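In: Sequence first, predicted model second:
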Amino acid sequence: FIPFPPFCTMSSSSCIFRLSLRLFGLAFLLSTLPAVFSLRTNAQPLTADTPAATAATLDTAQSRTLRLEVEGMAFFHDNEFDGTISKGYSLPGFRVQPRLVYQPLPHLRLEGGFHAQVYEGAGKYPNYAFHDIATWKGTQWQEGAHLLPLLRATARLSRSATLVLGQVYGSTHHDLSLPLYNPELALSADPEMGAQLLVDTRRWQMDAWVDWQSFIFEQDTHQEAFTVGMTHRLWLTPRAHRSFTLSLPARLLVQHRGGEQDLPSLNLGVQTLSNASLGLAARWERPSGALRALDAEASALVSYQQAGRLWPWTSGGAGWLSLTAYWRSGWRTQLGLLYAHRFVSLYGAPFFGALSLKEKGGRFSYMGTGYVGAEYARSLGAGYSWGAHVYLYLTRQGRLTFPDARPAQAERWGNAFSFGLFLRFRPSFLLKRW
């Protein structure tokens, strides 16, 4: 018999109430799944999307055409978090990006439109960059929706290289592992804006980008901020028409805040934070049967604070093991195991690092996390799909200490889960052909 950690350590009545809410939400999600079993497969779940190099491919058949494209998602996502790592919350709403797409040349595509983010029950929105759930600012807000203009130019420089300016192909299009990027940001963060270089050859794939998140003017009262990212995947075996492949994934994220334009009164200084990982990945594809493909990865991760005082440590490390199965029925399941010591993730879920986001200044001596994810996605037709997901986190939390006089907390077990539903739509309408 292996003892399972308790769901909570609160009073019995409060524990039963919270547990009942969790089970009700989980039961509601599972009850919706049979309704989609009869639909067609070939849809993308929330945490997986086509690589940026594939998404940026230019179709020569669309040359000298003007199209209206609408990309959006209606969603409900709920986080049932307990303990000392992070607060729980819900994300009910939708995102939509209508745009005009003009391809004057076979190797050049121009796009312009806007991005709108709406949360159900919200009438006013903070008027600045959303990196996750935004912090409210009473003097700077938009009414009705969070709106941003979108512009993008995509140019194919050669057979294997593509340059993107404006809105980059970001979020889950980057080949980032789960500890480095929380897929929930696809529901809450602004589109990434800046520049991107994509390279795709027979043995090597690269995605390099800069996301300029905060621009400042003279005498501005906040810092500029941008993130530089780079992912590489080098195949050790030929990847074309092979059932088994080996690859080396390497990933780098660097966030920089502040500069010469900072007001002295801010007293924040320059801050440069980074995450990096190097691993070995294997993929096995099956031509028939219930299992379509199986991915396995082992990675070493590091965090490094080159300048600033946002993190309590200069450096930290973590190890990550994952196994992902793709099923022909439309399911995608993933198992993951992480051990972190002084590791802080820039964009990952809070359970993949040693900092507490709930207890101010809290840091764990270590963090061990077991992850189980199940996602289901089905196509409703060309350009439309439906999906559901459940993510479970089982944590072994090290001793929690604080920089002030608050008493330390002993090691403990913890658990949390998230679940949600989404409807994705990507229709395209031809307006004119020359």
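Out: Received the coordinates, thanks.
In: how near is the one residue sitting closest to the centre of the chain to Phe76?
Out: Geometric centre of the chain, nearest residue: Pro183, 2.9 Å, by C-alpha atoms, centre = their mean. Distance of Pro183 to Phe76, computed by C-beta to C-beta, to the nearest Å: 15 Å. C-beta coordinates here come from the backbone N, C-alpha and C atoms, glycine included.
In: now Arg396
Out: When C-beta to C-beta is applied, the distance between Arg396 and Phe76 equals 30 Å.
In: same thing with Ala340?
Out: Ala340 sits 30 Å away from Phe76, going by C-beta to C-beta.
In: more neighbours, those two?
Out: Neighbours per residue (other C-beta atoms under 10 Å) separate Ala340 from Phe76, with Ala340 holding more: 27 against 18.
In: Quick check: what element follows the helix or strand harbouring that one along the chain?
Out: Following DSSP states H and E, one finds Ala340 within strand 331-341. Following strand 331-341 in sequence order, the next helix or strand is strand 363-364 (DSSP H and E).
In: Residues in contact with that following strand: which ones?
Out: Contact with strand 363-364 is made by 312-313, 342, 354-356, 397-402, as judged by C-beta atoms under 8 Å, 6 or more residues apart in numbering.
In: Selecting buried members of these in PyMOL, what would you type?
Out: One line in PyMOL is enough to select the buried ones among these; burial here means 16 or more other C-beta atoms under 10 Å:
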select buried, resi 312+342+354+355+356+397+398+400+401
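In: and which of the contacts of strand 363-364 is nearest to Tyr384?
Out: Leu355 (39.4 Å; C-beta to C-beta).
In: which residues pair with the closest one across the strands?
Out: Leu355 has the following beta-bridge partners by DSSP bridges: Arg363.
In: do Ser90 as well
Out: Beta-bridge pairing of Ser90 under DSSP bridges involves Asp78.
In: what's it in contact with, if anything?
Out: Taking C-beta under 8 Å, 6+ apart as the test, what Ser90 contacts is 76-79.
In: Apply 10 Å and report the result again.
Out: Taking C-beta atoms under 10 Å, 6 or more residues apart in numbering, we find Ser90 in contact with 25, 76-80, 119-120, 418, 420.
In: So among these, where is pLDDT lowest?
Out: When the contacts of Ser90 are sorted by pLDDT, the bottom entry is Gly25 at 49.
In: all strands of the stretch 301-434 of the chain, in order?
Out: 315-327, 331-341, 363-364, 367-381, 384-397, 400-401, 412-425, 428-433 (DSSP state E, counting those that start in this stretch).
In: quick one, which of the ones you listed is packed in tightest?
Out: Comparing the strands of the stretch 301-434 of the chain by mean neighbour count (mean count of other C-beta atoms under 10 Å), strand 363-364 comes out on top with a mean of 24.
In: what about that one, average pLDDT?
Out: Averaging pLDDT along strand 363-364 gives 96.
In: Off-centre distance for it?
Out: Using C-alpha atoms, centre = their mean, to the nearest Å, the distance from the centre of strand 363-364 to the centre of the chain it belongs to is 23 Å.
In: List the neighbouring strands of the strand holding Ala340 plus their orientation.
Out: With DSSP bridges as the test, strand 331-341 is paired with strand 315-327 (antiparallel), strand 367-381 (antiparallel).
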